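> Have a look at this prediction, sequence included:
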Amino acid sequence: MRPTIDVSPLASSLAQPALSDQPASSARTTHAAALPAVLFVDQSGQLGGAEFALLQLAGHCTAHSEVVLLSDGPFRMRLEALGARVQVISDARVSGVVRQASVMNCLRVVPGIVRQVRAIAARARQFDVLFLNTQKALVLGALGKPLHRRPVIWYQHDILTREHFGRVQLSIVKWLVRLAVDHVVVNSQASARSLEALTGIAANSVPVVYNGIDAQAFTRVDGSDMSALRERLGLPKDAWLAGLFGRLAPWKGQHIALDALARLPDAHLVLVGAPLFGEDAYAQRLHEQAAALGIADRVHFAGFQDDVPAWMKAMDVILHTSTEPEPFGRVIVEGMAAARPVIAAAAGGVTEIVRHGRNGWLVKPGDAAALAGAIGTLRADPALAGRLAKQALSDARSEFSVERYLQRMTQAIRQAAR
């Protein structure tokens, strides 16, 4: 089914303001020498899309940088494995403030906020630039600007709307961006438009830097013997597999995929991901839903998997089923890099990545019938699926490479330090 949402041309946003497109080979030879000293700050110790983006950047800048995390977890270990210096400045009460926090909840954690603001500011004074990678990092880093007086960059990974965040949090973000942030970089045009609606900053004045995906990680996986690969991963060797990758959360739409699977006899669904941030109840409901639909034997809950390239290569199709607009859609580009056809929900930054019928297939968000129809179409037409996958791989390598991401992001950091 043709989506009702217009699709932006893939390359329409590549020429962004204030960031040039010098060849990646030339950029690689100058990045390390030209970069100022950077303090990166991220709120999470877990591995999400924002953290994977920072992992690449911080790993590229280990000589003159440090990472502050506001909570501990596997992200710290991944950073340290790349040679990054990491400091954890945590406060359990501040970490517990959720996106929809009320004024009273925010007031209760003021002492902890003050301690973290001071601690981050003390570290920031040792660096040339403060790079804030998440929203809590924005709040705690920008509030300390009178103390550290360093240029502040915020990499915006979110669509700033009331569907995603509370009124208090949006108001705080609005005024911090206006008064304390020197440079904003966004991960998609969709994120830029939400920034404009919230703050009045023109969307076309903010550079878009798409996340980079390491396509080489996927080419290193031998997918020529599908049966052997699936056997190694514990998957049914001869089934037709649709894979859905991401944390188990209501807005990620795994329940939509289950409803679609119930309309597709013999197809199997592989859910790769685990619940985070208190979403265990949703994960349990997914198990119950699969049982109620009579498809439990065709649904494979794989949990969190570190070897995403291998798992994606083992699929016949990659699904993206978010029910709310996605700021970017990292898992979509990963599916493209795995040379697998991708079916995605047409909203937010996704429509900047996927061109319907050319490098993927778009469906209306939350529409299980449309999703089932799209899966059925690609399953019945292997030639079409192959053409989509071939173009998707080409686009992933050319437009969403790690080299391109690092080139543009390090250029933004250099400009901020001037």
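Good, I have the coordinates. Numbering: from 1, shown residues only.
> Quick one: low-confidence residue ranges for this structure.
1-34, 92-108 (pLDDT under 70).
> Tell me which residue lies farthest from the centre of it.
Gly294 (32.4 Å; C-alpha atoms, centre = their mean).
> That one: what's it in contact with?
Ala262 (C-beta atoms under 8 Å, 6 or more residues apart in numbering). C-betas here are computed from N, CA, C, even on glycine.
> Mind listing residues that contact the helix or strand where Arg78 lies?
Element membership for Arg78 (DSSP states H and E) is helix 74-81. Helix 74-81 is contacted from outside by 42, 44-47, 51, 55, 58-59, 67, 69, 86, 88, using C-beta under 8 Å, 6+ apart.
> So which of these sit within helices?
Of these, the ones assigned to helices by DSSP state H are 51, 55, 58-59.
> so which of those is the most crowded?
Ala58 (25 neighbours; other C-beta atoms under 10 Å).
> which residues in the stretch 1-150 of the chain form strands?
38-42, 65-69, 86-88, 129-132 (DSSP state E, counting those that start in this stretch).
> what's the third one packed up against?
Meaning strand 86-88. Helices and strands touching strand 86-88, as assessed by 3 or more C-beta pairs under 8 Å, 6 or more residues apart in numbering; DSSP states H and E, comprise strand 65-69, helix 74-81.
> Out of these, which is the most enclosed?
Highest mean neighbour count of those: strand 65-69, a mean of 24 (counted as mean count of other C-beta atoms under 10 Å).
> So what touches it?
Strand 65-69 is contacted by residues 35, 37-45, 54, 58, 75-76, 79, 84-90, 120, 123, 127 when judged by C-beta under 8 Å, 6+ apart.
> residue contacts, the nearest residue to Thr161 once chain neighbours are set aside?
In this structure, Thr161 finds its nearest non-sequential neighbour in Ser194, 5.8 Å apart by C-beta to C-beta, 6 or more residues apart in numbering. Ser194 sits next to 158-161 when contact means C-beta under 8 Å, 6+ apart.
> Of those, which is the most crowded?
Going by other C-beta under 10 Å, Ile159 tops the contacts of Ser194 with 26 neighbours.
> Which residue would you name as the spatial centre of the chain?
So for the chain, C-alpha atoms, centre = their mean, it's Gly49, sitting 2.9 Å from the centre.
> show me the contacts for that residue.
So Gly49 contacts 157, 211, 328, 330 (C-beta under 8 Å, 6+ apart).
> Quickly note the distance from it to Ser227.
According to C-beta to C-beta, to the nearest Å, Gly49 and Ser227 sit 32 Å apart.
> quick check, Arg193 in a strand?
No. Assigned with DSSP: H, G, I helix; E, B strand; the rest coil, Arg193 falls outside any strand and is helix.
> C-alpha coordinates for the one helix or strand Leu176 maps to, CSV please?
Using DSSP H and E, Leu176 maps to helix 167-179. Provided in CSV are the C-alpha atoms of helix 167-179 (Å, rounded to 0.1, in the frame of the first residue of the first chain):
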residue,chain,number,x,y,z
ARG,A,167,5.3,20.6,29.4
VAL,A,168,7.9,21.4,32.1
GLN,A,169,10.7,19.6,30.4
LEU,A,170,9.9,21.3,27.0
SER,A,171,9.9,24.7,28.6
ILE,A,172,13.3,24.1,30.2
VAL,A,173,14.7,22.9,26.9
LYS,A,174,13.3,25.9,25.1
TRP,A,175,14.9,28.5,27.4
LEU,A,176,18.2,26.6,27.7
VAL,A,177,18.6,26.4,24.0
ARG,A,178,17.8,30.1,23.6
LEU,A,179,20.1,31.3,26.4
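> helices or strands next to that helix in the packing?
The elements that helix 167-179 packs onto, with contact taken as 3+ C-beta pairs under 8 Å, 6+ apart, are helix 135-143, helix 189-199.
> I'd guessed Val181 sits against Gln135; true?
No. If you go by C-beta atoms under 8 Å, Val181 and Gln135 don't touch, sitting 12.0 Å apart.
> Identify the contacts common to the two.
Counting by C-beta under 8 Å, 6+ apart, Val181 and Gln135 have no shared contacts at all.
> element containing Ala389?
helix 382-399.
> all helices for the stretch 101-250 of the chain, in order.
103-108, 110-124, 135-143, 145-148, 167-179, 189-199, 216-219, 226-233 (DSSP state H, counting those that start in this stretch).
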